[in-house]
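Trainee: Whatever this is, show me its structure:
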Amino acid sequence: MAKSGRSWVMIVIACVIAVIFLPILAINLTLIIKGNTNKDVPPSIFGVAPLAVTTGSMDGGREDGFGEGALIFVKILSDEQKNELEVGDIVTFRVAEENIFVTHRIVSINYGEDDGIVSVVTRGDANNADDGATAVSEVIGICTGSAAGLGGFALFMQTPAGITIFVGIPVIAFIALDAVRIYIYNRKSDQSKEMRDKDEEIARLKAIIDGQTEQSGENSAQCARVGEDLPEQSVQSDGVSSQKMPPDGNTNSADD
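Mentor: Model (predicted):
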């Protein structure tokens, strides 16, 4: 019963790691790798880049705005999709000089001769001045949503401590659980083999005992048959002896 309880505990722990920590591990590793291989585009998962907000420039009280410490989700746009941007969209663009990404709202759009978008003018909801014109080629994507307070958590996951907690510990725990699972499986296999060996030994001993019992029964039967024959032989011997003896017990018949 105790072993069964421990097995259920291990199963629960493994499920928690699989459901919670492994997706976080996969996402974190993907973001770290992508962030280091291409610094011109924010790392994304399935075309959506999670970005932490470090300023309050978009905290202007509008419904789709967000404040410092929020985590925003930016859909990466193709060149064709960039030409569909409108005033009021919140876009993320790259500032090459500072090598940072800024997410502000479009307040005006500049079109070229072919009616394609050449640049956009943005401004933070909480700012009093525009950012200036940004070439559409520097626009990365459009903000599709935000989660307040998760930005700090996302930034922490990129630190050595965060990597240790959300990458190192889940990996070590998963390896440890797998090792324990293998140990338990091998132990059960050894116990099963030991039980089979015991059963075989018991069967062998039982067969020996049954054989000895059968042999003893045969010997007893033979002894009984011999005992039945012995009285008959004795009677016949006595009969022969009485015929040879004279009636008076004398051996010299000439005196009669």
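Trainee: Could I get the full set of strands for the stretch 1-150 of the chain?
Mentor: Using DSSP state E, counting those that start in this stretch, the strands of the stretch 1-150 of the chain run over 48-52, 71-76, 90-95, 100-111, 117-123, 132-135, 139-147.
Trainee: These: which one's closest to Ile184?
Mentor: Among the strands of the stretch 1-150 of the chain, the nearest to Ile184 by CB to CB is strand 48-52 (38.7 Å). Glycine gets a C-beta too; all of them are placed from N, C-alpha and C.
Trainee: buried residues in that closest one?
Mentor: 49-52 (16 or more other CB atoms under 10 Å).
Trainee: roughly how far apart are Ile184 and Val16?
Mentor: As defined by CB to CB, to the nearest Å, Ile184 lies at a distance of 19 Å from Val16.
Trainee: Save the strands of the stretch 1-150 of the chain as CSV, and put in distance to Ile24 and mean pLDDT too.
Mentor: Output for the strands of the stretch 1-150 of the chain, formatted as CSV (distance: least, CB to CB, whole Å; pLDDT from 0 to 100):
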stretch, distance to Ile24, mean pLDDT
strand 48-52, 12, 91
strand 71-76, 14, 94
strand 90-95, 23, 94
strand 100-111, 23, 94
strand 117-123, 32, 95
strand 132-135, 33, 92
strand 139-147, 15, 94
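Trainee: Hmm, Asp115 and Ile109 touching each other?
Mentor: No - judged on CB atoms under 8 Å, Ile109 makes no contact with Asp115 at a distance of 10.9 Å.
Trainee: Among the two, which residue is more densely surrounded?
Mentor: Using other CB atoms under 10 Å as the criterion, Ile109 and Asp115 rank with Ile109 on top: 16 against 7.
Trainee: mind listing what that one touches?
Mentor: Applying CB atoms under 8 Å, 6 or more residues apart in numbering to Ile109 gives the contacts 85-87, 117, 119-121.
Trainee: Quick check: beta-bridge partners of it?
Mentor: Bridge pairing for Ile109 (DSSP bridges) gives the partners Val120.
Trainee: from here on, count from 58
Mentor: Okay, using 58 as the starting number, the last item reads as Ile166.
Trainee: Run through this protein and note the low-pLDDT ranges.
Mentor: Applying pLDDT under 70 to the chain flags residues 58-68, 71, 74-75, 77-79, 82, 89, 91-93, 247-251, 268, 271-313.
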